[in-house]
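Student: Here's my sequence, what's the structure:
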Amino acid sequence: MKYHMQTFGCQMNVSDSDWLDRSLNSLGFEKTFIEGEADFFIINTCSVREKPEQKVYSLLGRLNAFHEKKSSVFACVGGCVAQQVGKGFFERFPFVRLVFGPDGLAMVPRALQRLEHELRLKISLLDFEDYYPERGENWPDKMPPQAFVNIMQGCDNFCAYCVVPFTRGRQKSRPSEDVIKECRQLISLGVKEITLLGQNVNSYGLDKQGLEINFVRLLREINRLTGLKRLRFTTSHPKDMSPEAVKAFGELETLCPHLHLPLQSGSNKILMEMGRKYTRERYLELVTGLRDACSEITLTTDLIVGFPGETDTDFQETLDIMNMVGFDSSFSFKYSDRPGVRAELMAPKISEEIKSLRLDILQKLQEEWTLKKLSQRVGTTDQVLIEGPSKRQRPDVWSWKGRDSGGRIVNIEFKTREDFTGRIFKVIFTRSKKHSLEGKVVI
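Tutor: Predicted structure coming up:
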């Protein structure tokens, strides 16, 4: 059977979909990028914000047309929206035959084998486990140069606006020996850069009551693996960012000088209402410490505008801290109520008009900082890992896209069509653009 997959949301969803692809291929299922060829569809969903959730409903409505043409065509819905809505998908969209949450992912391949032969069957895999559900692996002969490795699942923070503890469950750290084993395997298959994933990587191991190593120790163990060139991690919670984790940026040779550190708001009042458990002063202390440990560190962040009760003064404090830190880039969103979270009941709500205005102001300020940060790179050099061909090509040259150590996109032109994927070059940056850099290899 052929399947078509669409993935929404975070890097953990991308990693989950990659694993599902490998597992289904090993069982004989064939992936297609053409919807009309698919015998079934898999949608891996995100419910952190309202817009991705609505996209899922819209997509299912459109895909139902394929079921109407051929009754055997069906859909599977996974991820966080599936965990929230659950069996409700069976009622709203009868051609949905499988719903699975993050903890049920490991059982999906076998479930699909059953659905292939039992045409009236519908399956829900929505139970939470009290341990990290380990998955079997079916590695190809060679992997891309970059790979994600999950080190934990779920979150214990219960921030007022966030559905993650309800859709991915409580924190469950993966055994360190399994994490390190997977990293070693990926390196042997050609991976040069590994990104460790978790809802709050800084709290890795804390749920094991001393039976597991902490996050910084895990970083040090992976840093020692022969053949690894780059190590990254996401996402970090400022309240759990330890002094040892800060120092690691100046001590571990494979740890890239890049940290995504969600701020969410620059107002102490709003941070307290959000349940973030740190202040703007604490956040700025972390920034100072990080830049002391690694002066070239790239800092990126998440920001929410229009949280219930946010005043013009609160919003201005967010703009102020953006200027104090000078983020290289940020992901910014309008607050939206999510079902079941504390903020859903908070008041006063901010009007859609004010939220849109504030988001526009914030994003324009970020664009200024991004342009400034990129322009400061021109004339400097760094190591660039080539990911693959650039989208735009010219007849006489071959353009390749890579990333520098800080995670910025870099386009490099070569006069040969040799495949440079996975190669690392020393590059001097010659031009900055709106969201990327151009450079040439230093011979």
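Student: all helices for this protein, in order.
Tutor: Defined through DSSP state H, the helices belonging to the chain, from first to last, are 11-26, 50-69, 80-85, 88-92, 108-117, 164-167, 176-188, 215-223, 243-251, 268-274, 280-293, 312-325, 352-375.
Student: ok, S336 touching V48?
Tutor: No: if you go by C-beta atoms under 8 Å, S336 and V48 don't touch, sitting 9.4 Å apart. All C-beta spots, glycine's among them, are computed from the backbone N, C-alpha and C.
Student: Mind checking which of those two has more residues around it?
Tutor: V48 (20 against 17; other C-beta atoms under 10 Å).
Student: OK, contacts around the more buried one?
Tutor: With contact taken as C-beta atoms under 8 Å, 6 or more residues apart in numbering, V48 is in contact with 9-10, 80, 162-164, 338.
Student: Ramachandran coordinates for it?
Tutor: Comment: the main-chain dihedrals of V48 come out as phi -60, psi -40, following degrees, to the nearest 10.
Student: Please report how far it lies from T254.
Tutor: Taking C-beta to C-beta, to the nearest Å as the measure, V48 and T254 are separated by 30 Å.
Student: do the same with F89
Tutor: The spacing between F89 and T254, counted by C-beta to C-beta, is 42 Å.
Student: Name the residue in the two with the higher neighbour count.
Tutor: Neighbours around F89 and T254, counted as other C-beta under 10 Å, are more numerous at F89. The numbers are 25 against 17.
Student: That one and L98 touch, don't they?
Tutor: No: F89 sits out of contact with L98 when judged by C-beta under 8 Å, with a separation of 9.2 Å.
Student: Can you work out which residues contact both of these two?
Tutor: Taking C-beta under 8 Å, 6+ apart as the contact rule, F89 and L98 both touch V77.
Student: domains of this structure?
Tutor: For the chain, the structural domains run 2-125, 146-375, 381-441, going by automatic domain parsing.
Student: what separates K229 from L284, distance-wise?
Tutor: 32 Å.
Student: Those two: which is more packed in?
Tutor: K229 (18 against 15).
Student: For the more buried one, give me its contacts.
Tutor: With contact set as C-beta under 8 Å, 6+ apart, K229 has these partners: 192-193, 254, 385, 424.
Student: quick check, nearest of these to M107?
Tutor: E193 (30.0 Å; C-beta to C-beta).
Student: Bridged to L259, which residues?
Tutor: Under the criterion DSSP bridges, L259 forms beta bridges with L299.
Student: Residues in contact with stretch 60-79: which ones?
Tutor: Taking C-beta under 8 Å, 6+ apart as the rule, stretch 60-79 contacts 8-9, 13, 16, 35-36, 38-47, 56, 85, 89, 93, 95-102, 104-105, 108, 112, 115, 119, 167.
Student: Tell me which of the domains of the chain lies nearest to W139.
Tutor: Within these, the stretch nearest W139 is domain 146-375; the backing value is 5.9 Å (C-beta to C-beta).
Student: show me the contacts for the nearest residue to T298 once chain neighbours are set aside.
Tutor: Of all residues beyond its chain neighbours, the one nearest T298 is G406 (3.4 Å), with distances taken as C-beta to C-beta, 6 or more residues apart in numbering. The contact partners of G406, taken as C-beta under 8 Å, 6+ apart, are 256-258, 296-298, 328, 382.
Student: T235 reaches L196, doesn't it?
Tutor: No: contact criterion C-beta under 8 Å: T235 and L196 do not qualify, at 10.3 Å.
Student: neighbours around the nearest residue to L126 once chain neighbours are set aside, how many?
Tutor: Once its chain neighbours are removed from consideration, L126 has its nearest residue in G101; the separation is 4.9 Å (C-beta to C-beta, 6+ apart). Around G101 sit 23 other residues, with neighbours defined as other C-beta under 10 Å.
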